[in-house]
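1. sequence and predicted structure below; questions after.
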Amino acid sequence: MKILTSEQIRRVDAETIKREGIPSLELMKRAAKAFYDRFTERFPDKNSPVLIFAGVGNNGGDGLVVARLLNKSGYNVKVCIVEYSDHYTEDCAHNVRRIKAENISYMKVREEKEIPELSGYDLLIDGIFGTGLSREVSGIAATVIQRINESGKPVISIDVPSGLFLDRPTSFAVHATETITFEIPKLALYLPDNQAYTDKVTIVPIGLNKEAIAQEASNMSLVERCNIRALLKPLHKFAHKGTQGHGLLIGGSLGKIGSVCLASRAALRSGCGLVTAFVPGCGTSVLQTAFPEAMVIEDRNGTHITSIGYTIRPDAVGIGVGMGLLPETQEAFYRFIQQNRAPMVIDADGLNILSKNREWLSLLPPDTILTPHPKELSRLIGEWREDYEKIEKTIAFAKKYRLIVVLKGAYTLIVTPEHLYVNRTGTPALATAGSGDVLTGIITGLLAQGYSPLEAAQSGVFLHGLTADLTAAEIHPRSFIASDIIDNLGRAYFEIEKRIR
Ligand SMILES: NC(=O)C1=CN([C@@H]2O[C@H](COP(=O)(O)OP(=O)(O)OC[C@H]3O[C@@H](n4cnc5c(N)ncnc54)[C@H](OP(=O)(O)O)[C@@H]3O)[C@@H](O)[C@H]2O)[C@@H](O)CC1
Ligand SMILES: Nc1ncnc2c1ncn2[C@@H]1O[C@H](COP(=O)(O)OP(=O)(O)O)[C@@H](O)[C@H]1O
Ligand SMILES: [K+]
C-alpha cells in the first residue's frame, strides 16, 4: 500500500469524486461510515457519553457525520464545534445544518471559557484538523487540544491526530489513543518522534478510486501480508535439504554464544535446509547441545573469533551477533568481507565494527543487508535531529554504499536506495533480549533459500513481527522471549498463507 503526502491525498480525493461521478458529500459519508463501523466495534457500549470535537473543514465534516450516525444508532453523543475560523467548508456547513435538524446537542467554541468540562465524558472523538493542516496550531484550536490532552480520556482521532503534520516534525498535536485513518497510510503515523500523538493506528478503506491512487508516484509503502504471500516460494514435493539453502551464522564470543544459537535456530525455522554456525571454540558444545540440528565450525581461538575460514559453500551469511569488538575479531571481519561473495546480513557487533572502520563499507557487495537499531544506525550515519532527517540520511547512506538498511523499531523501516518500506507487524513483546539476533537469523535463512535481499528483508521483518501479533492473546507481552519468536515462525507462515476471502 502506497504511503502518500497530504498533497497527493487531496488529489486522490478530488479524482475519486471526478472519476466516480459522486458528490464530495458522498465521499465524506463513506469516510464517516468507515470510522463509525470501526468505532462501534471497538466501543459497543452506547451509554458511554461521547464528545465529538469538529473543526470547520472536512475533517470536522467527518466528525459531524460520525455524530449523526452514532446518534441514530442510540449512542449518547454531544458535539463541540471548534470554530477556529469563520470559513466552513461547504460539506462541513451542510452537516452543521443536518445536526441541528436532527436535534443533536452541540455547542460552538470560539474562546476558552466556552470549552466544555470534559470529565463527564468517557470517550472523545477528534475531528478538528485532518490532512488539511498547513501551519502550527494556535488560538482556540490549540487551547482545545491542550484540554483534550490534559483530560486523560481515550481519544479516537478521525484520519489524523489533529495538529500532526504529515511531512515535517510536529511539536504539538492531539495525543490520540487510536487513529482511524482513511485508506491511505501516512508516514507521520509511524515515526517514533510522533509516538505521543499516534498510539494505535487503524487503516479503513473508504472506496477511493484505485486508478487515482495508482497515478500517484511514491517511493514509500507499507509492507503488507499480500505482498509477502505473493513472494513466498512453494515447497516442492521433491524438495530436500540440499535444495532449501544453506545458511551460515558467524558470531559469538565467551558469554555471548546464545546470540548465535538464537540466530541459527531462527534461520533453520525460517525454512532453509542446512544451518552452520561459525563460533569461537567455547561455543561448540553449547551449540551442539542446545541446537543439535545445526552444524558447527569453530574458530581456532577459544573465546572470540580471530579468523573466519571454512570449506563449506553457504548460500547466505549472517554475521556479527555477539561477536565482540576485539582487534583480532575486527581483523577477521575485515578479511571475511573482502572475500565473501554470498548474500550477507550484518548485525550488532558487525555493524559496530563497520562504524569504527567506515572505509570498509565500500567493500560490501551491493544489496548487503544491515540491520541496525537506532543506536547502531547513529554510529553508522551520525546523529539526527528528527525522524525526517534520519530517514534522509539513511537513504543517502543506502545510496552511497548500495545497501539495504533495516532500521529496527516499533515500526521497522526497510530503506533501499530507491524506496522506503514501513513494516507494521510486531508489538512491544519484541522488546526483549535476543529478538534482534532472531531477526538476523530469519533474514539469513530466507536469503539462503534464494529470496532476493529485498524480499528477504521484507518477509523476515514481517514474519518476525507477526509472531508477536499472533501470540498476543496467549503469551503475555511482558513474558514473551526471543525463543517464542522462533517457536511461532511456523504459525506466522500459516497466517500468511491463509486464504482470505
Ligand atoms: N482523504 C480523503 O480522500 C477524504 C478526506 N476526508 C476528510 O477531509 C479531511 C481534510 O479536510 P480539509 O482539507 O478540509 O482540511 P482539514 O484538515 O479539515 O482542515 C481545515 C482547514 O483548516 C485550515 N488550517 C490548516 N491549518 C490550520 C491551523 N493551524 N490553524 C487554523 N486553520 C488551519 C486550512 O484552511 P486554510 O486556512 O489554509 O485555507 C484547512 O483547509 C481529511 O483529513 C478527512 O478527514 C473525507 O471527508 C473524505 C475523503
Ligand atoms: N515496541 C516494539 N514494537 C514492535 N517491535 C519491536 C518493539 N521493540 C522492539 N521491536 C523489535 O525487536 C527487535 C529488537 O532488536 P534489537 O534491538 O537488535 O534487540 P537485541 O539486541 O536484544 O537482539 C527489532 O526487530 C525491533 O523491530
Ligand atoms: K483529526
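-> It's in. Everything quoted here is computed from the prediction, not taken from an experiment. Ligands and ions are numbered 1, 2, ... in the order given.
2. if I pick the residue in the chain positioned nearest to ligand 2, what's in contact with it?
-> Of all residues in the chain, the one sitting closest to ligand 2 is residue 436 (2.1 Å; CB to the nearest ligand atom). Heads up, the C-betas are built off the backbone N, CA and C, glycines and all. Counting by CB atoms under 8 Å, 6 or more residues apart in numbering, residue 436 makes contact with 321, 347-348, 371, 373, 408.
3. mind putting these in CSV, secondary structure, neighbour count and distance to residue 185 included?
-> Output for the contacts of residue 436, formatted as CSV (DSSP: H, G, I helix; E, B strand; the rest coil; neighbours: other CB atoms under 10 Å; distance: CB to CB, whole Å):
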residue, secondary structure, neighbour count, distance to residue 185
321, coil, 33, 32
347, coil, 31, 27
348, helix, 24, 30
371, coil, 30, 23
373, coil, 16, 23
408, coil, 22, 19
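4. out of those, who's near ligand 2?
-> Intersecting the contacts of residue 436 with the contacts of ligand 2 gives 373, 408 (criterion: CB under 6 Å from any ligand atom).
5. out of the contacts of residue 436, who's nearest ligand 3?
-> Distances from ligand 3 to these, taken as CB to the ion, are shortest for residue 408 (29.5 Å).
6. wouldn't that closest one be in contact with residue 437 here?
-> No. Between residue 408 and residue 437 there is no contact, the gap being 11.6 Å when judged by CB atoms under 8 Å.
7. ok so, going back, reformat the contacts of residue 436 as CSV; add distance to residue 332.
-> Below are those laid out as CSV (distance: CB to CB, whole Å):
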residue, distance to residue 332
321, 15
347, 16
348, 15
371, 20
373, 24
408, 25
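8. as JSON lines, the contacts of residue 436 with distance to residue 84 and pLDDT would be great.
-> Conversion of the contacts of residue 436 to JSON lines gives the following (distance: CB to CB, whole Å; pLDDT from 0 to 100):
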{"residue": "321", "distance to residue 84": "52", "pLDDT": "98"}
{"residue": "347", "distance to residue 84": "48", "pLDDT": "98"}
{"residue": "348", "distance to residue 84": "49", "pLDDT": "98"}
{"residue": "371", "distance to residue 84": "45", "pLDDT": "98"}
{"residue": "373", "distance to residue 84": "40", "pLDDT": "98"}
{"residue": "408", "distance to residue 84": "39", "pLDDT": "98"}
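9. count the neighbours of residue 217 for me.
-> 8 (other CB atoms under 10 Å).
10. now swap in residue 157 and tell me
-> Residue 157 sits with 34 neighbouring residues when counted by other CB under 10 Å.
11. surely it is within a strand?
-> Yes. According to DSSP: H, G, I helix; E, B strand; the rest coil, the state of residue 157 is that of a strand.
12. next, residue 405: secondary structure please.
-> Of the three states, residue 405 takes strand under three-state DSSP.
13. next one: phi and psi at residue 343?
-> With angles defined as degrees, to the nearest 10, residue 343 shows backbone torsions of phi -50, psi 140.
14. wait, it touches residue 454, no?
-> No. Applying CB under 8 Å as the test, residue 343 and residue 454 come out as separate, 11.0 Å apart.
15. just to revisit the earlier point, for residue 262, see how far away the residue of the chain closest to ligand 2 is.
-> Relative to residue 262, residue 436 is positioned 9 Å away (CB to CB, to the nearest Å).
16. pull up the overlap in contacts between those two.
-> Counting by CB under 8 Å, 6+ apart, the shared contacts of residue 436 and residue 262 are residue 321.
17. how close does the spatially closest residue to residue 191 that is not a sequence neighbour sit to ligand 1?
-> In this structure, residue 191 finds its nearest non-sequential neighbour in residue 387, 4.2 Å apart by CB to CB, 6 or more residues apart in numbering. If you measure residue 387 against ligand 1 using CB to the nearest ligand atom, to the nearest Å, the figure is 21 Å.
18. got the contact list for residue 387?
-> Residues in contact with residue 387 (CB under 8 Å, 6+ apart) are 169, 191-194.
19. nearest the middle, which residue of the chain would you pick?
-> With distances taken as CA atoms, centre = their mean, the chain has residue 411 as the residue nearest its mean C-alpha position (2.6 Å).
20. which one is that one nearest to, not counting chain neighbours?
-> residue 190 (4.2 Å).
21. now residue 75
-> Residue nearest to residue 75 in three dimensions, not counting chain neighbours: residue 46, with 4.9 Å by CB to CB, 6+ apart.
22. do a quick rundown of the helices in the stretch 201-350 of the chain.
-> Listed in chain order, the helices found in the stretch 201-350 of the chain under DSSP state H, counting those that start in this stretch are 210-215, 225-231, 258-269, 284-290, 327-339, 348-356.
23. equivalent analysis for the stretch 351-500 of the chain, please.
-> Using DSSP H, counting those that start in this stretch, helices in the stretch 351-500 of the chain cover 374-381, 387-401, 435-448, 453-470, 482-487, 489-497.
24. adding mean pLDDT and distance to residue 203, write these out as a markdown table.
-> A markdown table is the format used below for the helices of the stretch 351-500 of the chain (pLDDT from 0 to 100; distance: least, CB to CB, whole Å):
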| stretch | mean pLDDT | distance to residue 203 |
| --- | --- | --- |
| helix 374-381 | 98 | 25 |
| helix 387-401 | 98 | 20 |
| helix 435-448 | 98 | 24 |
| helix 453-470 | 98 | 15 |
| helix 482-487 | 98 | 25 |
| helix 489-497 | 97 | 18 |
